[in-house]
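Visitor: Predicted model, plus sequence, below.
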Amino acid sequence: MTESDILKEAERIISAAADEGITLRLLGGTAIGFKCPSAKRPSVSRKYPDIDLVGLKKQSRQIRELFVKLGYSPNVAFNALHSGSVGRLMFFDVERERRIDIFLDSFDMCHKIDLRDRLALESFTLPVADLLATKLQIFQTNTKDFKDIVAMVLDYDVAESDNLNAINGRRLAMLAADDWGIYKTFTLVISKTVATLDSLDLKPEDKELVKKRLGRISELMEAEPKSMKWKMRAKLGEKKQWYMLPDDMAD
């Protein structure tokens, strides 16, 4: 299935959800491919096999009914186990060998990031800052994650408020200032992304742009006042594991 086909299917799902008053937004690699022209560059392009979405836990029942109506098969055991406390649903398009992951209220993988207040800001995807947060929170970052981060930072400058044409760096800074674990992982992944740039076939000026914008995000994280919870957890540092290692990661 081509990227165009996957995007058309995502549009069909989100449009059908909106018609029934259900809030769903695209996230993951497919959302980044949709929002970032640089994701089509050979140096950072990759495949997007599945569709990842985020919705509201209070609409869990309506979401289940919607996907059955749209022709998807539920992962019954997974949904029964994870739809409550974890807040996640999974469906399959068996014919096209495609999986749909739906996060409810929060993106909960290596770190938990509450997205409820972010769903109304755009009509199709999460804002770029939140898409970037879902990549920066991955402790065991791989090549596709680095490519996604680079694509976003190449195409969007860093601002300090929500802006359709920029990354809200303050949103990332506030997430990091409230949770030392998020701060630690964000910082590590930014550093690893910069170190990975030489392995990507990018022009020198593009590498410098990525470094500059990631540097600006780091500056904002350092400057943001830290919560008491952050300060208490920081005292433990790396003596205690600060991240989770989920069985599977969103694409």
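Guide: Done, it's in.
Visitor: Which residue is the nearest non-sequential neighbour of residue 181?
Guide: residue 242 (3.6 Å; C-beta to C-beta, 6 or more residues apart in numbering). The way it works is simple: take the backbone N, C-alpha and C, and place the C-beta from them, glycine included.
Visitor: quick one: the one you found and residue 194, what's the gap?
Guide: 21 Å (C-beta to C-beta, to the nearest Å).
Visitor: which one of these two has more residues nearby?
Guide: Using other C-beta atoms under 10 Å, the more surrounded residue of residue 242 and residue 194 is residue 242, with 20 against 17.
Visitor: chain center to the biggest helix by length in the chain: distance?
Guide: Ranked by residue count, the top helix of the chain under DSSP state H comes out as helix 204-223. Its chain's average C-alpha position is 19 Å from that of helix 204-223, according to C-alpha atoms, centre = their mean, to the nearest Å.
Visitor: following it, which helix or strand shows up next?
Guide: Moving toward the C-terminus from helix 204-223, the next helix or strand (DSSP states H and E) is helix 228-236.
Visitor: So for that next one, what gets flagged as buried?
Guide: Across helix 228-236, burial judged by 16 or more other C-beta atoms under 10 Å covers 230, 233.
Visitor: Summarise which helices and strands it is packed against.
Guide: On a contact count with 3 or more C-beta pairs under 8 Å, 6 or more residues apart in numbering; DSSP states H and E, helix 228-236 meets helix 169-178, helix 180-196.
Visitor: right, so of these, which gets closest to residue 118?
Guide: Evaluated with C-beta to C-beta, the helices and strands packed on helix 228-236 place helix 169-178 nearest to residue 118, the distance being 8.2 Å.
Visitor: For the stretch 1-150 of the chain, just list every one of the strands.
Guide: Ranges of strands within the stretch 1-150 of the chain are 24-27, 51-55, 73-74, 88-93, 98-104, 106-108, 112-114, based on DSSP state E, counting those that start in this stretch.
Visitor: Save the ones you listed as JSON lines, and put in mean pLDDT, mean neighbour count and distance to residue 66 too.
Guide: Converted to JSON lines, the strands of the stretch 1-150 of the chain look like this (pLDDT from 0 to 100; neighbours: other C-beta atoms under 10 Å; distance: least, C-beta to C-beta, whole Å):
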{"stretch": "strand 24-27", "mean pLDDT": "98", "mean neighbour count": "24", "distance to residue 66": "8"}
{"stretch": "strand 51-55", "mean pLDDT": "97", "mean neighbour count": "26", "distance to residue 66": "10"}
{"stretch": "strand 73-74", "mean pLDDT": "95", "mean neighbour count": "15", "distance to residue 66": "11"}
{"stretch": "strand 88-93", "mean pLDDT": "94", "mean neighbour count": "21", "distance to residue 66": "10"}
{"stretch": "strand 98-104", "mean pLDDT": "94", "mean neighbour count": "21", "distance to residue 66": "10"}
{"stretch": "strand 106-108", "mean pLDDT": "96", "mean neighbour count": "21", "distance to residue 66": "20"}
{"stretch": "strand 112-114", "mean pLDDT": "97", "mean neighbour count": "16", "distance to residue 66": "23"}
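Visitor: Find the residue ranges of this structure scoring beneath the pLDDT cut-off.
Guide: Within the chain, the segments meeting pLDDT under 70 span 1, 83-86, 248-251.
Visitor: out of the helices and strands packed on helix 228-236, deepest packed?
Guide: helix 169-178 (a mean of 21; mean count of other C-beta atoms under 10 Å).
Visitor: Dump that one to PDB, restricted to CA.
Guide: C-alpha atoms of helix 169-178 as PDB (Å, rounded to 0.1, in the frame of the first residue of the first chain):
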ATOM      1  CA  GLY A 169       9.300  24.800  21.600                       C
ATOM      2  CA  ARG A 170       7.700  26.000  24.900                       C
ATOM      3  CA  ARG A 171       5.300  23.100  24.700                       C
ATOM      4  CA  LEU A 172       8.300  20.700  24.700                       C
ATOM      5  CA  ALA A 173      10.000  22.800  27.400                       C
ATOM      6  CA  MET A 174       6.900  22.600  29.700                       C
ATOM      7  CA  LEU A 175       6.600  18.800  29.300                       C
ATOM      8  CA  ALA A 176      10.300  18.500  30.200                       C
ATOM      9  CA  ALA A 177      10.100  20.900  33.100                       C
ATOM     10  CA  ASP A 178       7.300  18.900  34.700                       C
END
